[in-house]
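Asks: One predicted model, sequence on top.
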Amino acid sequence: MNFHKRTAAAFLGALVLTTSCQKNLLDKVNPNQPTVGNFWQTQTDAAAGLTATYSALQFPGTYARWIHFANDIRSDEGYSLSPWTDLANFTRFIQFDYNLEPVRVIWEDHYRGVFRCNQLLANVPTIKMDATMQKTMLAEAHFLRALFYFNLVTHFGNVPLILDPSTVTSTAPQATPDQGMEQVVTDLQAAIADLPVSNDIGHATKGSAQGLLGRVYMQQHKWQEASTLFTAIIDSKKYSLVPNYLDNFTIANENNSESLFEVEFSSVNQGGGQDVAGASEGFERAQFFGPPGIGWTDGRARPWLLDEISEKTVSGDVDPRRDITVLHYPMLLFGQTYEKSSPPNGVPITDTFWHKYEDDRTQNFENYFSGINFRVIRYADILLMQAEALNELGQTNAAVPLINQVRQRPSVNLTPLSTTFSQAQMRTQLMHERVAELAGEGTRWLDLNRWGLLKSQGTIDVLKAPNHDPDFVNFIIGKSEFLPLPLTDLTADQKLKQNPGY
């Protein structure tokens with residue numbers, strides 16, 4: 001044994017001897033790291049915890065990136081030609097590996113948000129602090145947990161309902177979609193009771209919770225319950241349509257009178273990673289949906305949107321919402337004209353791309369970390385949902401003036417509708433109005449479900465038409481309505497059952 005080996009052996013023996021006598025030598029607590037035991041002590045701690053909970057809305061699996069592929073690109077409004085095959089297949093109702101992005105990250109990041117809500121709900125009641133602020137913070141936590149679970153149930157269906165702070169070994173019962181939505185309703189009712197009419201910028205308000213609960217009731221076909229909430233929002237006079245439609249998708253006019261709730265994004269921090277000091281708080285959709293030469297074009301708009309949003313204004317121009325929503329060649333972006341290129345290998349290139357939430361109206365270059373806020377609920381959507389609820393309640397004529405408010409926004413200025421609609425005709429009209437106003441804003445997947453268009457082969461056959469969305473050829477009724485649960489969770493909790501068909 002040479003000198004170095006003898007020295008190493010002696011050192012190892014001494015270490016073993018020392019550690020055997022001092023069993024807790026390495027069990028040190030970082031004094032600078034907060035724990036559950038020492039953190040939830042003051043009102044400042046509660047505020048920091050609430051900020052951390054809101055920050056979960058900026059994760060890639062929530063509103064920064066992947067939820068837009070699930071809501072918009074999987075719907076008939078969008079599609080993907082991404083060279084990342086797994087991503088493109090995700091939008092085509094094809095899943096081979098249930099642990100890959102976006103499925104796993106949507107699941108994990110929403111549950112990270114749920115975890116933070118549960119921490120707040122469990123610990124803030126024990127803090128001695130201003131009573132009104134305490135109630136408001138708890139109500140905000142209920143709203144955020146409802147929003148996270150609303151997205152989880154919408155896209156995964158049969159999800160575990162975790163309602164208490166969890167550990168790495170915690171398990172929870174798996175709820176049915178109906179049970180999951182009932183929990184969303186319970187949280188939103190609690191939020192409505194204690195949320196203020198006005199709150200700090202970026203924070204949920206009573207109107208935020210009423211709007212989301214109305215959206216839930218619409219999905220459940222509880223038309224009267226939804227209409228009652230929408231009436232309260234309208235009668236509050238707190239919200240109004242902004243004159244310029246474009247103001248809903250730019251930095252300059254964030255948190256305007258039309259916004260019931262939006263996710264706050266910023267392009268200031270552009271550091272790597274997530275959930276660490278200095279990490280990005282940016283909106284990544286612009287980069288992933290941007291047209292060729294601008295972004296990666298992983299998410300594209302279907303060409304049928306151009307025809308759908310083509311009604312003429314009173315002055316004879318094409319509905320201005322069309323070019324705000326979608327782009328088509330030739331395109332003028334960032335001071336540069338983009339022409340349609342020759343198709344490589346004879347493969348046709350479609351010429352329709354998303355324009356909403358792109359940065360060309362905000363700055364002179366595209367940015368991976370956009371600072372544009374995402375509007376989760378807009379007043380225009382409230383008006384259109386109220387019109388739909390009233391129509392389903394047999395009050396078709398009462399729906400018309402609500403739709404006309406949206407159509408006659410000063411910057412849109414379409415001819416007002418008459419009152420000569422049957423209930424069935426109004427349903428068809430509302431399908432058009434919602435696309436023209438809300439395309440690419442995360443509502444279409446909900447609309448397809450609510451209208452029953454994903455329930456029968458006849459309607460799937462219409463959706464999968466070559467001139468509409470041929471990716472629906474892969475849609476399997478009873479399976480494709482939901483995403484698969486990640487295998488990592490199924491492996492960790494043997495009681496969880498995979499969604500049907502996977």
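Replies: That came in fine, so what should we check first?
Asks: Not counting sequence-adjacent ones, nearest residue to Y111?
Replies: Computed as Cβ to Cβ, 6 or more residues apart in numbering, the closest residue to Y111 that is not its neighbour in sequence is I162, at 7.1 Å. (Glycine included, C-beta is placed from N, CA and C.)
Asks: got it, and D72?
Replies: Nearest residue to D72, sequence neighbours excluded (Cβ to Cβ, 6+ apart): G78, at 4.8 Å.
Asks: Residues in a beta bridge with the one you found, which ones?
Replies: Using DSSP bridges, the bridge partners assigned to G78 are A301.
Asks: can you map out the helices along the stretch 151-300 of the chain?
Replies: Assigned by DSSP state H, counting those that start in this stretch, the stretch 151-300 of the chain shows helices spanning 177-194, 206-219, 223-235, 285-289.
Asks: among those, which gets the worst mean confidence?
Replies: Mean pLDDT is lowest for helix 285-289 among the helices of the stretch 151-300 of the chain, at a mean of 94.
Asks: hang on, E225 packs against Y217?
Replies: Yes: counting by Cβ atoms under 8 Å, E225 touches Y217, with 4.5 Å between them.
Asks: Look at those two and report which has more neighbours.
Replies: Y217 (23 against 17; other Cβ atoms under 10 Å).
Asks: Measure how buried the closest residue to the more buried one other than its chain neighbours is and give me the count.
Replies: Leaving aside its chain neighbours, Y217 sits nearest to A226 (3.8 Å; criterion: Cβ to Cβ, 6+ apart). Neighbours of A226 under the rule other Cβ under 10 Å: 25.
Asks: got the contact list for A226?
Replies: Applying Cβ atoms under 8 Å, 6 or more residues apart in numbering to A226 gives the contacts G214, R215, Y217, M218, M385, Q386, A389.
Asks: Apply 7 Å and report the result again.
Replies: Contacts for A226 (Cβ atoms under 7 Å, 6 or more residues apart in numbering) come out as G214, Y217, M218, M385, A389.
Asks: repeat for Q41
Replies: I127.
Asks: change it to 10 Å
Replies: For Q41, the contacting residues are P34, N123, T126, I127, K128, M129, by Cβ atoms under 10 Å, 6 or more residues apart in numbering.
Asks: quick one: the strands in the stretch 301-450 of the chain?
Replies: Under the criterion DSSP state E, counting those that start in this stretch, the stretch 301-450 of the chain contains strands at 326-328, 331-333, 336-338, 352-354, 374-378.
Asks: Neighbouring strands of the last one in the sheet, and parallel or not?
Replies: In the sheet containing strand 374-378, its partner strands are strand 259-263 (antiparallel), by DSSP bridges.
Asks: and the angle for the strand it pairs with with helix 206-219?
Replies: Per axes from the mean of the first three to the mean of the last three Cα atoms, to 10 degrees, the angle that strand 259-263 makes with helix 206-219 is 90 degrees.
Asks: Just the CA coordinates for strand 259-263, please, in PDB.
Replies: Extracted C-alpha coordinates of strand 259-263, given in PDB (Å, rounded to 0.1, in the frame of the first residue of the first chain):
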ATOM      1  CA  SER A 259     -60.100  42.300 -18.600                       C
ATOM      2  CA  LEU A 260     -61.700  40.200 -15.900                       C
ATOM      3  CA  PHE A 261     -58.400  38.300 -15.300                       C
ATOM      4  CA  GLU A 262     -55.100  38.100 -17.000                       C
ATOM      5  CA  VAL A 263     -51.700  36.500 -16.400                       C
END
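Asks: Now find how far off-centre that strand is within its chain.
Replies: Averaged C-alpha coordinates place strand 259-263 at 12 Å from its chain's average position (Cα atoms, centre = their mean, to the nearest Å).
Asks: Now it: average pLDDT?
Replies: Per-residue scores along strand 259-263 average to 98.
Asks: tell me the angle that strand makes with helix 223-235.
Replies: Going by the same axes, to 10 degrees, strand 259-263 is angled at 100 degrees with respect to helix 223-235.
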